[in-house]
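**Student:** Can you look at this prediction? I've put the sequence above it.
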Amino acid sequence: MSNRLAKSLLVAPLRVLLRISAKLRESARRLWAHAALAGQLKAPLPASVVVLGRTCIYGTGAIRFGEDALLYPDLHLETQSQATITLGDGVVLSRGVHLVAMSSITIGRGSMIGEYTSIRDANHKRMANVPIRYAGYLASPIAIGAEVWIGRGVTVLGGVTIGDGATIGANAVVTRDVPPGAVVAGIPAAPIRSRKVSATIQMSAENGAAREADSGL
């Protein structure tokens, strides 16, 4: 029997088996990923959060997720010292997103963060005769509102506030506050145009803030 024939005979039943079991295997993978993430957090992870793959948690695990969040694989979520990360209901974190908090990062309900975006609230300091690794850092909170759309590969720096309903173009570097409804792009990010924030978005943001306050977020 030739190698090609043997391979064909083996592949055919395996292909059928994999097709039949695809949904079961995917459910098991999501369940495992959810449990693995929950085990690394200080706060309970809502059952409604969908975890599609491995999420790497570093530091203290002081991260709180809202209901119905969607988490793609290969996330890097880090909190150090007393820092926190808080995500509202319905937030989407796409593959490869990095959230690193030395102070605090908050992301409002319904916001979507594109692939490989980096949101870090601290910068390294420089001190004479001290390696940069040991020179400490300066941190300032980042606040991202409700229904914000952040494109692929964006960098958001410390101290920035992004208003409700804003849109950040792919690969932008956000160094300054972004008003509600603004559309910005470029390095550094600058306004392209502005759109009116709908009453639905405003109501969503207000309801999310009230809910978070009630839950102690």
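**Tutor:** Noted; the coordinates are in hand.
**Student:** how far away is the residue lying closest to Ala101 once chain neighbours are set aside from Glu147?
**Tutor:** In space, and not counting its chain neighbours, Ala101 is closest to Ala83: 4.0 Å by C-beta to C-beta, 6 or more residues apart in numbering. C-betas here are computed from N, CA, C, even on glycine. Separation of Ala83 from Glu147 (C-beta to C-beta, to the nearest Å): 25 Å.
**Student:** again, but for Tyr72
**Tutor:** 19 Å.
**Student:** got it, and Pro131?
**Tutor:** Distance from Pro131 to Glu147, by C-beta to C-beta: 42 Å.
**Student:** Which one of those two is surrounded by more residues?
**Tutor:** When Pro131 and Glu147 are compared on other C-beta atoms under 10 Å, the one with more neighbours turns out to be Glu147, at 25 against 8.
**Student:** these two touch, right, the more buried one and Asp164?
**Tutor:** Yes. Glu147 is in contact with Asp164 according to C-beta atoms under 8 Å; the separation is 6.1 Å.
**Student:** I'd guess Ile119 is in a helix, am I close?
**Tutor:** No. Counting by DSSP: H, G, I helix; E, B strand; the rest coil, Ile119 is located in no helix; its state is strand.
**Student:** Bridged to it, which residues?
**Tutor:** The partner list for Ile119 in beta bridges (DSSP bridges) reads Leu99, Val156.
**Student:** Tell me how far Gly153 lies from Ser48.
**Tutor:** 28 Å.
**Student:** quick one: pLDDT of Leu5?
**Tutor:** With respect to pLDDT, Leu5 scores 77.
**Student:** Doesn't it lie inside a helix?
**Tutor:** Yes. The assignment for Leu5 is a helix, going by three-state DSSP.
**Student:** and it, how many neighbours?
**Tutor:** With other C-beta under 10 Å as criterion, Leu5 counts 9.
**Student:** again, but for the one 10 residues further on
**Tutor:** Around Arg15 there are 10 other residues, counting by other C-beta under 10 Å.
**Student:** next one: Ala170
**Tutor:** 14.
**Student:** my guess is it meets Gly114, correct?
**Tutor:** Yes. Between Ala170 and Gly114 there is a contact at 6.7 Å, judged by C-beta under 8 Å.
**Student:** Enumerate the beta-bridge partners assigned to the residue most central in space within the chain.
**Tutor:** Most central in the chain under C-alpha atoms, centre = their mean is Leu93, positioned 3.6 Å from the mean C-alpha point. Counting by DSSP bridges, Leu93 is bridged to Leu71, Ile113.
**Student:** State the distance from it to Ile144.
**Tutor:** 12 Å.
**Student:** next one: Met102
**Tutor:** According to C-beta to C-beta, Met102 and Ile144 sit 17 Å apart.
**Student:** So which of those two has more stuff around it?
**Tutor:** Ile144 (26 against 23).
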